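S.K.: got a predicted structure plus its sequence, pasted below:
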Amino acid sequence: MKRTYKLSTLILILLITTITYGCSKNVSVSNSQNEYIEQPTKDVRKIAFAHKSINSFFYITMNESIKRAVKEKGWEFEYAVADYDYVRQNNQIINFIGKKPDAIITTAINSTQINDSINIAKNEGIPVAIVDTDTSGSKVDIVVSFDNYLAGQQAAKEIVNRLKDKYGYEKGVVFNAYGLESSKADIDRKKGFESIINRYEDIVYIEKPGYSNPEDVKNTLLEAYEENSNIDAVFCSSDYPARGMVDALKELNKWEVVGQKEHVIFVTIDGEPSAIDNIKKGYYDASVVQDVVSYGNIVIDLIDRYIFKGEKLDSKTYTCENAYWEKCSIQQHNDGIKVIIPLYVVDKSNVEDKRHWAYIAQEKWGFRYK
């Protein structure tokens, strides 16, 4: 059915669009006589962030890191949250495209399903940056990501080393509550973990889906203990769902500190405040840290330098002086720029370091972990 609009309606839409989204244009404002007069506006960049979730401290901190970096530039920031619904995320990106921001940032819920909306943005001339989770197939301008496969491998190595300390060689029973099968990050962490664990014939490996949800993780671990009561080590691919493992071990009377007979080796990924706290107390052995605070500073710096200012990449090293890791590689990637934030391990030897993102979010930003 063909739609028709009155001329007055179209004029009103144009006025609203000009007032709301004008960049370097002059906009009309009304005076006391309701006459519209031209007022120059400052050229302010507008950044839109299509976020996957704010259901965890990690993702809340990610949103805040990008917001703070945008505000420090004096730019405008808008975000939308899809709550792990990739259809909703695509619709939110399409909605942002209609507002003509200077750049769109997103962290993909589904690495494949997001490609169409990204391609539409690119066709409309809007730069797109990806943080945290890479896409599979679409070309974006900026990628700031994390090597999830390597993180899974490192987590497995932490467990294997502790099993060797316990038994004198690499043996034992290891349980993994893996995450969402639609998430490239979770898939890569699982694959990386298994690439190390499966090297050892005397390590019994048990895996069950945890769906990145604490309650599901708890239930899968309780089920695993019904099948094998001699589990030596547990791994969860993220700190938020790992809460379910804590609840399960408490229920099983196996929540003991390192060195106690009933202690279960406990390793996670991300380095949230819960991991920092439990490492301090001796319940967790280690966490492979993904420095989420760095995401905002890096992605906005790259957008500013390599998209807005048109700089050319002249170095293979990216420096972030306030970060624990300090330096990492930067490279050309599919006609864009890519930075992979380095992972590192937090354990009892370095848990007090104030450069961990968990400390920054809580002590400097005043966020409270619940």
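M.R.: Everything's here; your move. Residues are numbered from 1 along each chain as shown.
S.K.: burial count for the nearest residue to residue 45 once chain neighbours are set aside?
M.R.: Computed as C-beta to C-beta, 6 or more residues apart in numbering, the closest residue to residue 45 that is not its neighbour in sequence is residue 75, at 4.1 Å. Glycine gets a C-beta too; all of them are placed from N, C-alpha and C. Residue neighbour count, defined by other C-beta atoms under 10 Å, stands at 19 for residue 75.
S.K.: residue 339 falls within a helix, correct?
M.R.: No. Per DSSP: H, G, I helix; E, B strand; the rest coil, residue 339 lies outside any helix segment and is strand.
S.K.: any idea how far residue 331 is from it?
M.R.: Distance, residue 339 to residue 331, by C-beta to C-beta, to the nearest Å: 8 Å.
S.K.: check residue 290 too.
M.R.: 19 Å.
S.K.: those two: which has the busier surroundings?
M.R.: Between residue 290 and residue 331, counted using other C-beta under 10 Å, residue 290 has the larger neighbour count: 27 against 14.
S.K.: let me see the contact set for the more buried one.
M.R.: With contacts defined as C-beta atoms under 8 Å, 6 or more residues apart in numbering, residue 290 is in contact with 58, 146, 151, 269-271, 341, 343.
S.K.: phi and psi next, for residue 285.
M.R.: Backbone torsions of residue 285, given as degrees, to the nearest 10, read phi -90, psi -40.
S.K.: state the distance from it to residue 210.
M.R.: Distance, residue 285 to residue 210, by C-beta to C-beta: 19 Å.
S.K.: comparing these two, which residue is more hemmed in?
M.R.: residue 210 (27 against 22).
S.K.: so the closest residue to the more buried one other than its chain neighbours, which state does it fall into?
M.R.: Leaving out its chain neighbours, the residue that sits closest to residue 210 by C-beta to C-beta, 6+ apart is residue 177, at 3.3 Å. Following three-state DSSP, we place residue 177 in the strand state.
S.K.: all strands of the stretch 251-370 of the chain, in order?
M.R.: 265-270, 286-289, 317-319, 327-333, 336-341, 344-346 (DSSP state E, counting those that start in this stretch).
S.K.: and these, which is most packed in?
M.R.: Compared across the strands of the stretch 251-370 of the chain, strand 286-289 shows the largest average neighbour count, a mean of 28 (mean count of other C-beta atoms under 10 Å).
S.K.: can you list the strands that that one pairs with?
M.R.: Its sheet considered, strand 286-289 pairs with strand 265-270 (parallel), strand 344-346 (antiparallel) by DSSP bridges.
S.K.: any idea which of those strands gets closest to residue 327?
M.R.: strand 344-346 (12.1 Å; C-beta to C-beta).
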